[in-house]
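A.B. asks: starting from these lines, generate the structure:
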Amino acid sequence: MKQPIQLLSATILALAASYVSAADFVLTSKDVTNGATLSQKQVAYGDGCRGQNISPDLAWQNPPAGTQSFAVIMHDPDAPGAHGWWHWLLFNLPASTNHLVADAGGYGGKGLPAGAQQSNSSGGSAYWGGACPPQGDKPHHYNFTVYALKVPNLAVKPDDSPERVSAAIQAQAIGSATITATYGR
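C.D. replies: Residues are numbered from 1 along each chain as shown. Now for the predicted structure:
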C-alpha cells in the first residue's frame, strides 16, 4: 500500500499532467481579441443595434486526446435574466475541424462543415446573433468558447432550449478554450 505522501504526489502529478494538456488547447480569432471590445462586425443588426451581425473567424489547436467532436458557444453572462443570453450554439463539428470562417454561423450555416448543427439561441434563432446589450447598460462580456467533446454527436435537437444544449455540451466536454470580449452601447 502506498504511503499518504506517495498518493498525494501521484495525485498532484496527474493533475499537473491534465492541466498541461488542457492548457495547450487554445482558441484564437482574427476578428475577436481577448479583453478587447467587439467590432461592429460582431454586433447585431436590429433591436436598436446597427452592426453587421457576422460570426467571427475562430481557430483552435491542440485539443485534448480523445476529442471526437467540437461545439462552439457565444454567451453573454451579463444579460438580464437568470442564465444570461446565448447568442450562438453550434455542435456536431467533426473532430477534424480546427477553424470556422467569418460568417459561418449565418442563416443556413453555409460556411459550416458537413454535419454541424446550429441550435436556437436565446432569441429563438438557429444561427449567429450578434451582441446587442441594452442601451446605457454597462459593457457586457461575450464569451466565445470552443468545447472538445468526448462524443461524435451530441444527443440534442436544434430546437432544444439553449440551456439544455449548453448543459449537454458541458456534460460531454473534455476541454475548452475561451476568448472573452466586451461591448456596450
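A.B. asks: low-confidence ranges, this protein, go.
C.D. replies: 1-23 (pLDDT under 70).
A.B. asks: give me the neighbour count for P162.
C.D. replies: Neighbourhood size, P162 [other CB atoms under 10 Å]: 22. All C-beta atoms are positioned from the backbone trio N, CA, C, and that covers glycine.
A.B. asks: just G81 next, same as before
C.D. replies: Counted with other CB under 10 Å, residues neighbouring G81 total 8.
A.B. asks: how about V165?
C.D. replies: 26.
A.B. asks: please apply the same query to the one 5 residues further on.
C.D. replies: Residue crowding around Q170 was assessed by other CB under 10 Å; the count is 14.
A.B. asks: that one: which element?
C.D. replies: helix 162-172 (DSSP states H and E).
A.B. asks: now T33
C.D. replies: Going by DSSP H and E, T33 is not in any helix or strand.
A.B. asks: equivalent analysis for I179, please.
C.D. replies: Per DSSP H and E: strand 173-183 holds I179.
A.B. asks: which residue ranges form the strands in this structure?
C.D. replies: 26-28, 45-46, 49-50, 58-61, 69-76, 85-94, 99-100, 117-119, 140-149, 173-183 (DSSP state E).
A.B. asks: partner strands of the second one and their direction?
C.D. replies: The sheet places strand 45-46 alongside strand 49-50 (antiparallel), with pairing taken from DSSP bridges.
A.B. asks: do the fifth one as well
C.D. replies: Partner strands for strand 69-76, per DSSP bridges, with pairing direction: strand 85-94 (antiparallel), strand 140-149 (antiparallel).
A.B. asks: and the fourth one, by the same measure?
C.D. replies: Paired strands of strand 58-61, with direction, are strand 26-28 (antiparallel), strand 99-100 (antiparallel) (DSSP bridges).
A.B. asks: list the buried residues of that strand.
C.D. replies: Under the neighbour-count criterion of 16 or more other CB atoms under 10 Å, strand 58-61 has 58, 60 buried.
A.B. asks: how far off centre is it?
C.D. replies: 11 Å (CA atoms, centre = their mean, to the nearest Å).
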